[in-house]
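Q: Below are the sequence and a predicted model; questions follow.
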Amino acid sequence: MLPASPQGECMKIETFGVEQWMNAWETKCTWNVAETCVESVTVEELLDMAGVSPEQMARDLSAKKLTYGWIEGSQKVRELIAGLYKKQKASNIVTTHGCIGANMLVHGTLVEPGDHVISVIPTYQQHYSIPESFGARIETLRLKPENGFLPDLEELRRMATPGTKLICINNPNNPTGALMDEAMLRAICEIAREAGAWLLCDEVYRGLTQDDVESPSVADLYEKGISTSSMSKVFSLAGLRFGWIAAPEALIAQVLEHRDYNTISVGMIDEYFTELALQAKDKLLARNRAVIRENLAILDAWVQSEPRLSYVKPKAGTTAFVKVDTALSSHEFCERLVKETGVMFTPGSALHTEGYVRIGYANNKDVLKKGLALTSEFLKTVP
């Protein structure tokens with residue numbers, strides 16, 4: 001039995017900047033241009049794409065006994081998820097509560113006090129704050145605009161010393177929209193291999209590209225590669241809270257030991273709609289790629305028209321990281337913007353990168369246009 005902790009002592013973890021900001025403002029704003037999902041589909045739209053009638057859905061759901069779902073995810077849904085990869089089988093997949101749950105389980109399974117963990121930054125804060133809270137030694141690799149917000153491979157090679165436990169990357173990148181191609185991913189895999197490290201790639205935006213060239217999954221490229229994803233961003237179904245881990249079977253077995261303590265199973269109704277969506281994935285992807293391509297063109301024209309703004313144009317994903325020439329901090333800028341105009345961006349400081357704002361451009365087109373127009377007027381009023 002573990003010894004008792006000193007009275008009043010608890011695990012410390014840094015405040016999750018992005019989630020705290022979203023929680024504070026997303027229900028209070030008028031024009032949400034911070035949303036990171038492609039505009040969500042309705043149940044009716046999903047059924048139409050899946051070729052299932054509302055009556056059939058009602059029969060399917062009415063017949064379900066509301067008990068726990070499949071512990072690891074049903075064989076069918078895991079096979080459908082495996083079909084998103086080239087080399088994965090159902091036995092390489094375990095379902096989770098969103099990608100956020102997948103990432104948490106990977107870190108909780110692998111990272112121990114004193115471990116050396118490398119993470120790119122900016123990225124989703126889980127990938128450096130969680131291992132740090134476990135007592136790991138964190139090194140962050142700063143993604144720079146002059147490199148197109150892609151990792152400097154020589155810098156990563158210097159960081160990845162023998163014995164490094166885990167390297168964390170995010171492809172496509174949140175918040176910059178940078179996309180690592182296959183050659184770069186293979187180079188990173190080789191760096192991880194030389195160090196003996198696991199390589200975790202958060203691939204929650206994988207598939208949302210501005211052209212038809214798709215980067216492969218790390219799980220398919222490296223024997224210690226781990227890919228996480230979900231139904232939220234690419235498939236516009238964030239309300240399902242359904243994600244997964246794709247990884248070697250031995251690691252999946254270890255993850256399951258940890259998962260028993262915080263998941264048990266993903267909801268059976270969530271799994272039902274996930275199966276429908278994955279069976280209709282080609283239609284969903286076509287719809288969502290059309291959305292991001294049309295909306296990025298709108299955003300790009302706006303950025304080019306505003307002399308105080310600049311950015312590295314995203315190649316994938318749903319977000320852009322826009323540099324703002326202002327005397328205000330990014331938090332001050334975004335807080336004044338939402339209070340004075342109702343337009344919500346995310347401050348770069350929430351992603352540990354000052355001087356930028358994150359703009360989510362994949363939601364409703366009319367909301368995007370109105371939000372950008374109001375921001376243009378706001379820019380005329382601030383120092």
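A: Received the coordinates, thanks. Numbers count the residues shown, from 1 in each chain.
Q: For the helix or strand of the chain with the lowest mean pLDDT, which outside residues touch it?
A: Every helix and strand in the chain was compared by mean pLDDT, DSSP states H and E; the lowest is helix 17-25, with a mean of 92. Residues outside helix 17-25 that contact it (C-beta atoms under 8 Å, 6 or more residues apart in numbering) are A34, Y124, Q125, C334, V338, M344, T346, P347, S349, A350, L351, H352. C-beta here means a position set from N, CA and C on the backbone, and glycine is covered the same way.
Q: so how far is it off the chain centroid?
A: Here the centre of helix 17-25 is set off from its chain's centre by 15 Å, with C-alpha atoms, centre = their mean, to the nearest Å.
Q: again with stretch 149-160
A: Between the mean C-alpha point of stretch 149-160 and the mean C-alpha point of its chain there is a distance of 21 Å (C-alpha atoms, centre = their mean).
Q: tell me how far the ends of that stretch are from each other?
A: 19 Å (C-alpha to C-alpha, to the nearest Å).
Q: Give the rounded mean pLDDT of it.
A: Taken as a whole, stretch 149-160 has a mean pLDDT of 98.
Q: Run a quick neighbour tally on the nearest residue to R142 once chain neighbours are set aside.
A: Spatially, and ignoring its direct neighbours in sequence, R142 is nearest to I121 (5.8 Å; C-beta to C-beta, 6 or more residues apart in numbering). Counted by other C-beta atoms under 10 Å, the residues lying close to I121 total 18.
Q: contacting residues around I121?
A: Neighbour list for I121: Y128, T140, L141, R142, L143, L351, H352, T353 [criterion: C-beta under 8 Å, 6+ apart].
Q: Just flag the most distant two among these.
A: With distance counted by C-beta to C-beta, no two of the contacts of I121 lie farther apart than L141 and L351, which are 14.4 Å apart.
Q: Counting neighbours, go ahead and name the busier of those two.
A: L351 (24 against 21).
Q: Restricted to strands, list the contacts of helix 17-25.
A: Applying DSSP state E to those, the entries found in strands are M344, T346, P347.
Q: Which one of these sits in the busiest neighbourhood?
A: When the ones in strands among the contacts of helix 17-25 are compared by neighbour count (other C-beta under 10 Å), T346 ends up highest, at 28 neighbours.
Q: residues of the helix or strand hosting L47 that come out buried?
A: The secondary structure element spanning L47 is helix 43-50 (assigned by DSSP states H and E). Across helix 43-50, burial judged by 16 or more other C-beta atoms under 10 Å covers L46, L47, M49, A50.
Q: Could you give me the buried positions within the next helix or strand after that helix?
A: Moving toward the C-terminus from helix 43-50, the next helix or strand (DSSP H and E) is helix 54-62. Of the residues in helix 54-62, those with enough neighbours to count as buried (16+ other C-beta under 10 Å) are M57.
Q: same thing with stretch 207-225?
A: Of the residues in stretch 207-225, 207-210, 215-219, 221-222, 224-225 count as buried by neighbour count, 16+ other C-beta under 10 Å.
Q: In strands, which of those appear?
A: Using DSSP E to define strands, the subset of the buried residues of stretch 207-225 located there is G225.
Q: Would you check which pair of the buried residues of stretch 207-225 lies furthest apart?
A: Taking C-beta to C-beta, the two most distant members of the buried residues of stretch 207-225 are Q210 and K224; they sit 30.2 Å apart.
Q: Dump the contacts of I121 into CSV; add pLDDT and distance to K283 as well.
A: Written out in CSV, the entries for the contacts of I121 read as follows (pLDDT from 0 to 100; distance: C-beta to C-beta, whole Å):
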residue, pLDDT, distance to K283
Y128, 97, 36
T140, 98, 39
L141, 98, 37
R142, 98, 39
L143, 98, 33
L351, 97, 33
H352, 97, 38
T353, 97, 36
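Q: From those residues, pick the one nearest K380.
A: Taking the contacts of I121 together and measuring to K380 by C-beta to C-beta, the closest member is T353, at 25.1 Å.
Q: Do a quick rundown of the helices in the protein.
A: For the chain, applying DSSP state H gives helices covering 17-25, 43-50, 54-62, 75-82, 98-110, 126-133, 153-159, 182-195, 218-221, 249-259, 268-279, 281-305, 330-341, 365-379.
Q: Now the weakest link among the ones you listed, please, by mean pLDDT.
A: helix 17-25 (a mean of 92).
Q: List the contacts of A327.
A: Applying C-beta under 8 Å, 6+ apart, we find A327 in contact with V382, P383.
Q: Could you measure from it over to V303?
A: Separation of A327 from V303 (C-beta to C-beta, to the nearest Å): 20 Å.
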